[in-house]
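> Structure for this input, please:
(one chain, ligands or ions: 3)
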Amino acid sequence: MTAPDRAVVDFAAASAAAASTLLALDVGNTRLKWALFDAPQPGARMLAHGVQFLENIETLADGDWRALRAPRWVLGSIVAGAGVRYRVEEQLELWDAPVQWVVPSQAEAGLVNGYDHPARLGSDRWVAMIGARQRLLARGQGERPCIVVMVGTAVTVEAIDERGRFLGGIILPGHGIMLRALESGTAGLHVPTGEVRPFPTNTSDALTSGGTYAIAGAVQRMVDNVRVHCGQEPVCLMTGGAGWKMAPHMTVPFELVEGLIFDGLLAIARNRFAPLLAPLHANVPAAAGAHVGR
Ligand SMILES: Nc1ncnc2c1ncn2[C@@H]1O[C@H](COP(=O)(O)OP(=O)(O)O)[C@@H](O)[C@H]1O
Ligand SMILES: CC(C)(COP(=O)(O)O)[C@@H](O)C(=O)NCCC(=O)O
Ligand SMILES: [K+]
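Ligands and ions are numbered 1, 2, ... in the order given. Here you go, the predicted structure:
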């Protein structure tokens, strides 16, 4: 369902774009997601986008990125290690624009950070929450608390209150890590992927269902926590490469949204870069959905 290692380029749109392009990067522990926008602000048009597994980063400059219009700005989230960051920066030498990596702070783009040490929060979590908060504000739901679920290599479930304060969140292993942990810690769990069943009657189904229900149950628990704390039902947004796998098995109402991290990066970019733009872009419509990764 997702499109691995593939770039989609709208050449007509790319050539029409003004020189205010933003390359947005989301580097996770499994894959690098990128998108080129025609302006550094919410509602910007996506000119091209793609995804690469981390082991294929070296192909970007000579592959997907070669034909791209040069970005004026590069803004990214990265949670992979320093080695990966260095390899990404090497590919970015294709252009003059220096990359800015987002570091979570005390407050940015409408979100207040409740983490004990704000900078120790994963930047992907921070940026996705900024995207979620912007989305709620844009559709008049700024008075609602929010749960943000990201299903990637790891799974995170964040709680944001009705005033835009990040209360805290949980981290649990993603599907792949859960399975590998069970395989490596036992003698009898080397089996093919199974199906999600309410009452599994074989090892494959038992493992697949266990992982899926662990995630669904964790989300349900965080929704309960927020309901008790905030006194109202949260809006639940789910994103990430494996979000579609969880969707059929959730027990709380939710919306599957692609590109929450890109929404967040555009909101941050508006604060950092839009003031540098001429009035040319003053009337770009706000908050169109960004769709990425398919
Ligand atoms: N076609 C696919 N290609 C890659 N990963 C996929 C695919 N479908 C589902 N996944 C799952 O999505 C996860 C990667 O999602 P992603 O959001 O890119 O993670 P991260 O941000 O941690 O790199 C993988 O761990 C895998 O379980
Ligand atoms: C929790 C994460 C591993 C998620 O990574 P991902 O699944 O997106 O690759 C990442 O956000 C991270 O390294 N966080 C730093 C620790 C923290 O957020 O508390
Ligand atoms: K991620």
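> could you list every residue that touches Thr251?
For Thr251, the contacting residues are Ala216, Gly217, Val219, Gln220, by CB atoms under 8 Å, 6 or more residues apart in numbering. Just so you know, the C-beta spots here come from the backbone N, C-alpha and C atoms, and that holds for glycine as well.
> Let's see if you can find the most crowded of those residues.
Looking at these with neighbours defined as other CB atoms under 10 Å, the largest count falls to Val219 at 22 neighbours.
> That residue contacts Val151, doesn't it?
No. Applying CB atoms under 8 Å, one finds Val219 not in contact with Val151, separated by 9.6 Å.
> shared neighbours, the two?
Contact criterion CB under 8 Å, 6+ apart; residues bridging Val219 and Val151 by contacting each: Met238.
> Could you identify the most distant pair in the contacts of Thr251?
Pairwise distances across the contacts of Thr251 (CB to CB) peak at 7.3 Å, for the pair Gly217 and Val219.
> Which ones among the contacts of Thr251 map onto helices?
Members of the contacts of Thr251 lying in helices (criterion: DSSP state H): Ala216, Gly217, Val219, Gln220.
> What score does the spatially most central residue of the chain have for pLDDT?
Closest residue to the average C-alpha location of the chain: Ile261 at 3.7 Å, with CA atoms, centre = their mean. Note for Ile261: predicted pLDDT of 98.
> can you pull the contacts of it?
Ile261 touches Ala24, Asp26, Lys33, Ser77, Asp124, Val127, Ala128, Gly131, Thr239, counting by CB under 8 Å, 6+ apart.
> Ok, Pro173 next?
Ala154, Val155, Ala181.
> buried subset of those?
With neighbours counted using 16 or more other CB atoms under 10 Å, these contain these buried positions: Ala154, Val155.
> export the contacts of Pro173 to CSV and tack on pLDDT and distance to Arg135?
Output for the contacts of Pro173, formatted as CSV (pLDDT from 0 to 100; distance: CB to CB, whole Å):
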residue, pLDDT, distance to Arg135
Ala154, 98, 22
Val155, 98, 20
Ala181, 96, 33
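> those helices in the chain, which residues are they?
Across the chain, reading from the start of the chain, the helices by DSSP H fall at 11-16, 82-92, 123-138, 175-185, 203-230, 243-246, 260-273.
> So which residues on the stretch 101-250 of the chain come close to ligand 1?
Applying the criterion CB under 6 Å from any ligand atom, the portion of the stretch 101-250 of the chain that neighbours ligand 1 consists of Gly152, Thr153, Gly174, His175, Gly176, Gly240, Gly241, Ala242.
> circling back: looking at the ones in helices among the contacts of Thr251, which is nearest Ala159?
Val219 (10.9 Å).
> Let me know whether Phe37 touches Leu22 as I believe.
Yes. The pair formed by Phe37 and Leu22 meets the contact definition of CB under 8 Å, at 4.7 Å.
> Which neighbours do the two have in common?
Shared contacts of Phe37 and Leu22, counting by CB under 8 Å, 6+ apart, come down to Ala44, Leu266.
> just the contacts of Pro173 that are near ligand 2?
Ala154.
> returning to what we had before: just the ones in helices among the contacts of Thr251 that are near ligand 2?
Cross-checking these against ligand 2 (CB under 6 Å from any ligand atom) gives no overlapping residues.
> Can you narrow the residues you listed down to the ones near ligand 3?
Among the ones in helices among the contacts of Thr251, no residue sits close to ligand 3 (CB under 5 Å from the ion).
> and those as TSV, adding pLDDT and distance to Gly188?
Formatted as TSV, the entries for the ones in helices among the contacts of Thr251 read as follows, by pLDDT from 0 to 100; distance: CB to CB, whole Å:
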residue	pLDDT	distance to Gly188
Ala216	98	25
Gly217	98	24
Val219	98	29
Gln220	98	30
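> closest to Ser209 among those?
Distance ranking of these against Ser209, using CB to CB, places Ala216 first at 10.1 Å.
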